[in-house]
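Q: Got a sequence here, can you build the structure:
(chains A, B, C and D)
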There are 4 protein chains.
Amino acid sequence: MDYQAVLEEVAAHVEPQIGRGRVAQYIPALASVDADRFGIALADVDGRGTGVGDWERPFSMQSISKAFSLALVLADDGEKLWRRVGREPSGNPFNSLVQLEYEHGIPRNPFINAGALVVTDRLHTLTGDASTTMLDFLRAESGNPDLAFDQDVAASETAHGDRNAALAHFMAAYGNLDNPVPTVLEHYFWQCSIEMIPQLPLGGAPCRDLALAGGFLARHGLRADGSRLLSRSEAKRVNAVMLTCGTYDAAGDFAYRVGLPGKSGVGGGIVAVVPGRCTLCVWSPGLDARGNSVAGVAALDHFTTLTGWSVF
Amino acid sequence: MDYQAVLEEVAAHVEPQIGRGRVAQYIPALASVDADRFGIALADVDGRGTGVGDWERPFSMQSISKAFSLALVLADDGEKLWRRVGREPSGNPFNSLVQLEYEHGIPRNPFINAGALVVTDRLHTLTGDASTTMLDFLRAESGNPDLAFDQDVAASETAHGDRNAALAHFMAAYGNLDNPVPTVLEHYFWQCSIEMIPQLPLGGAPCRDLALAGGFLARHGLRADGSRLLSRSEAKRVNAVMLTCGTYDAAGDFAYRVGLPGKSGVGGGIVAVVPGRCTLCVWSPGLDARGNSVAGVAALDHFTTLTGWSVF
Amino acid sequence: MDYQAVLEEVAAHVEPQIGRGRVAQYIPALASVDADRFGIALADVDGRGTGVGDWERPFSMQSISKAFSLALVLADDGEKLWRRVGREPSGNPFNSLVQLEYEHGIPRNPFINAGALVVTDRLHTLTGDASTTMLDFLRAESGNPDLAFDQDVAASETAHGDRNAALAHFMAAYGNLDNPVPTVLEHYFWQCSIEMIPQLPLGGAPCRDLALAGGFLARHGLRADGSRLLSRSEAKRVNAVMLTCGTYDAAGDFAYRVGLPGKSGVGGGIVAVVPGRCTLCVWSPGLDARGNSVAGVAALDHFTTLTGWSVF
Amino acid sequence: MDYQAVLEEVAAHVEPQIGRGRVAQYIPALASVDADRFGIALADVDGRGTGVGDWERPFSMQSISKAFSLALVLADDGEKLWRRVGREPSGNPFNSLVQLEYEHGIPRNPFINAGALVVTDRLHTLTGDASTTMLDFLRAESGNPDLAFDQDVAASETAHGDRNAALAHFMAAYGNLDNPVPTVLEHYFWQCSIEMIPQLPLGGAPCRDLALAGGFLARHGLRADGSRLLSRSEAKRVNAVMLTCGTYDAAGDFAYRVGLPGKSGVGGGIVAVVPGRCTLCVWSPGLDARGNSVAGVAALDHFTTLTGWSVF
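A: Next up, the predicted model:
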């Protein structure tokens, strides 16, 4: 298949959607991003990548990091994580405290903020430094050593972090955090702040880099260097959680329209996986009411229509 | 692949789980079923079926019927249905009224009882007889003309139907039913009461018959006779809804363990789909706390482990 | 105290509020009432009544009947009722199904619709005719034999009764109704439909009549003829439930502003009790967002400010 | 009335209940209290006090402080507080986050923890020192200058304060706190930690002291020295909020059984008000499932039965 041609057709198809939706407003570093951007890249299982549009512009990972922290914990710790976090769709907006209370401090899944705080807490205990561990992993898989924390974003997340602080304290009250609340919050915010930036001075392509970083999910658990991060079964399971929980409370709709495992972030990025074939990374900052990129979802929808590569 | 051998290995593997869980108790016709049963059958996309264990014994479809009514409405009516029912996982036990109230009488998805009542209402409006339409479809696809409503089960469902009556009246209060509440309830209960029975006097195999009946979902929308029920895209979408919503509030866990679209019923049956390859029907009456067959889920879990045929 | 003068001052004070709010819309018989009405009457513990404004015009009791059915059941059955209904404020809008589900079919209190259905069910079991029992009681206490069911209102309530049918079926599913759902609904709707109408051919005053009918709550349980309906302790308890639960989800606000036990109805009436002194009945059809008469609450607020007769 | 004789009869009546329930366990300083204690004291509107039982033993105010902080804010700030906190019963356990989320960071009433944090925040803004302001007020009204913060309790509350920290951060996220979260928490915990201790070296009676401190609520707003803290109307309103919201999610039951405004604390104390007559303070550390003193509620119930002094 001529990936470049497919991506170009996708980009042409979604052009009317670019700029729709609303850029995330809760922190200034995100609110100032230009809404009229759209980039998409594809990385095949052999590590070859291509892309179109604004695929060479930097953007903030935000919640896409949650997929990587889940994988890193499962790699190290196996199934034990599921004593502390569920794997059911939340059925509620992504910051909801309601289910957390009804379910005694056990978050519904690892991709709502509460669940990601638990995963970060565990990753920190396992590695001693949850945020650096993730950054190192992303650099290694993407081959881009210039990926970095964005200190402005991290500081801004902290300054506007009362909801996440509430979640963390609430779970601490139920005994579901091992590390101090401020430590967990700090590493969580650093993870979200990772900026996908072009490698210097070569130039480069953040969309492609992030697609490459997620390649292990298409390779049934194998890292870029051929070593194994996850067993085949574990890789399948991360994909399953992404499909059922990866796009906030729109996971059912995303499965219906796109039919691929995917993880979105309020920076406008989405990583999607075609198991055995490739990973995709799309970025467009305009978000729908549920926090997913409008043009990004439309692009993945059209991609699976063109290729027939949904999992269903 | 030697399906027979695979199914035998699956059956041997789950043997210790057979009889675990609890047979549905809410109506006598289900409560009297022998818990120590287990059958599994597979139908490939060419309509060849095979099975092991108690695959030749009769059982009650129950909520598996919801997958067929959804497909029949989408076939006739397309996307309009989604104005009246969502497609997000419910995040709550299957009879919950809570989200129905918060969401103004629009059920979360077509597989919770409230959603299935809406689908039945629409199917009844489209066809004039929602329950007979479904029975005719099942007979045609399975090739078993002896499939029938179980009048005892239907009467018993009606007698114990206060929760479903509450749901129906509640949606009627929001204007989300077109037909009278008693009509909708009647056809809903008849659909659930369909009994998978062996064809007489030939003998036969209900598990295989139900796997055959679901074959259109593996054939990307083509019926047994090669005619098209659903477009490729529509078939993908029914599978997506099954994966995210098909097993009550355990859909995330089912996706995680099994990784296939599936629809379960409290009669102990589950239909699962391997798109492009085959459908499976497993039956074992012992249910877990969330209403899914204990041995049935374990069997599908082991099947995907043996074959690698999860969608992820 | 010169009651007539006080009531006139109250009426003058609330004049700007008359016509504010919104007349109940859910049934035609209520929607057609003229919003610009206001009447208030007071009945002292010796059975003397007086009033001002539109106190001689007819109106529909609606939920004010719930206070009478509660008293009639407690009179006959004592504390046993509380096994089937709670006595805590609902903290939610008056038709909410949420708490009913979390609390397993036990309504929060006797004044939300679900709770009143349980009380009606019990009254029907105790007396054989829940609605006639109440009508007879109201006629006797008010001395007005012309009080009657309004058949149009009852028919209209039934036709728009899906929410109440949902509540009743839901409680039946939990085994919390003794009589058939249609019977309970019928008597519930008849009770709500009772019309406060002037005695013919004498003329008369519905506001006064309803204040008289509630006189037993000011007389610590004694009926108009001096016989005892409730013990002193029981009368106190009905007043307590009225104060904490009598005005839908505005009970805290009503206690704060008025400081008297009161029961409102969507017909625009409110009955309030000054224990040991008098009962008041105010009527004005414009309702606030929580279903209580705008001018009615304002009038009672000013009455307690003028007289100092709040219970606090 | 011979108060001493009434209190002795009350104490004799509730003797079988003393030691029932469960002492608060969440902090060591409370968990170590002897459950077999019971004291009750009454202070009339002229400032004369009497008591029986363990009325001379020290205890921790805990949430009873919430009634005083509310009064102090209303005295200074009037009705403006109600923009930031409601006055409806919560209908849910006292730490629930659910309604806080549904109602956008506006707590239901000033006596749930979230509401008390808002009141403390406001009192701190108004006075510059929310906890010392309250302590000074209690010392002045009780005439006991030895009342003090219990540093062990305050430190313990802080160490176990994750739920309250979650509530505070959550409201901060909605912009409903003016002061920094740690400042609000600190003053809130100090207020709760105030210990009712006997005056030294004279001996003294903490139950009586706390009854005296609440005397302004029985005197329609007048302080012990005759100066006015609250207008008559404001005093009525604080009493109304105590009646509808003062005993966690048992306010309806407390109104039903006792029929007086009251505010309880998990230290086992309850202050109740008979407007125009007296205040009562009862203390017994065994709590029921909803956090109110078992013997304390029973004592107040019997007191109103003996005296007929319920407000209803």
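Q: wait, doesn't A:Asp77 sit right on A:Leu126?
A: Yes: using C-beta atoms under 8 Å, A:Asp77 makes contact with A:Leu126 at a distance of 6.1 Å. (Glycine included, C-beta is placed from N, CA and C.)
Q: The stretch 201-312 of chain A: strands as residue ranges?
A: A:262-264, A:269-274, A:278-283 (DSSP state E, counting those that start in this stretch).
Q: List the contacts of the first one.
A: Right, strand A:262-264. Outside of strand A:262-264, the residues within contact range by C-beta atoms under 8 Å, 6 or more residues apart in numbering or on different chains are A:63-64, A:66-67, A:111, A:242-243, A:246-248, A:254, A:270-273, A:291-293, A:296, A:300.
Q: Could you tell me which of those are located in helices?
A: A:Lys66, A:Ala67, A:Met242, A:Leu243, A:Phe254, A:Gly296, A:Leu300 (DSSP state H).
Q: what about A:Asn109, helix or strand, and which?
A: A:Asn109 is located outside every helix and strand, with elements delineated by DSSP states H and E.
Q: excluding its backbone neighbours, what's nearest it?
A: Closest residue to A:Asn109 apart from its sequence neighbours, by C-beta to C-beta, 6 or more residues apart in numbering or on different chains: A:Cys245 at 4.2 Å.
Q: again, but for A:Phe254
A: A:Thr247 (4.3 Å).
Q: Flag every buried residue along stretch A:28-42.
A: Within stretch A:28-42, the residues that qualify as buried are A:Ala29, A:Leu30, A:Val33, A:Ala35, A:Arg37, A:Phe38, A:Gly39, A:Ile40, A:Ala41, A:Leu42, counting by 16 or more other C-beta atoms under 10 Å in any protein chain shown.
Q: and the gap between the first one and A:Asp136?
A: By that I understand A:Ala29. 23 Å (C-beta to C-beta, to the nearest Å).
Q: and what of the fourth one?
A: Plainly put, A:Ala35 is 32 Å away from A:Asp136 if you go by C-beta to C-beta.
Q: before we move on, what about the third one?
A: For A:Val33, the distance to A:Asp136 (C-beta to C-beta) stands at 26 Å.
Q: Which strands or helices does the helix or strand hosting A:Ala41 pack on?
A: Remark: A:Ala41 resides in strand A:39-44, with elements defined by DSSP H and E. The criterion is 3 or more C-beta pairs under 8 Å, 6 or more residues apart in numbering or on different chains; DSSP states H and E, and the helices and strands that strand A:39-44 contacts are helix A:3-14, strand A:49-53, helix A:206-213, strand A:278-283.
Q: thinking again about what came up before, export the strands of the stretch 201-312 of chain A as TSV, with columns for mean neighbour count.
A: Output for these, formatted as TSV (neighbours: other C-beta atoms under 10 Å in any protein chain shown):
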stretch	mean neighbour count
strand A:262-264	29
strand A:269-274	28
strand A:278-283	30
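Q: Of all those, which one comes closest to D:Val85?
A: With C-beta to C-beta as the measure, strand A:262-264 is the member of those nearest D:Val85 (36.3 Å).
Q: Paired strands for the closest one, with orientation please.
A: Counting by DSSP bridges, the strands paired with strand A:262-264 are strand A:269-274 (antiparallel).
Q: what about the strand it pairs with, distance to the chain center?
A: 8 Å (C-alpha atoms, centre = their mean, to the nearest Å).
Q: relative to strand A:39-44, how tilted is that strand?
A: Here strand A:269-274 runs at an angle of 30 degrees relative to strand A:39-44 (axes from the mean of the first three to the mean of the last three C-alpha atoms, to 10 degrees).
Q: now strand A:269-274 and helix A:206-213, what's the angle there?
A: Using the same axes, to 10 degrees: strand A:269-274 against helix A:206-213 is 40 degrees.
Q: Now do the SS call for the closest residue to A:Leu81 other than its chain neighbours.
A: Distances taken as C-beta to C-beta, 6+ apart put A:Val73 closest to A:Leu81, at 5.5 Å, once the chain neighbours are dropped. Each residue gets one of three states, and A:Val73 gets helix by DSSP: H, G, I helix; E, B strand; the rest coil.
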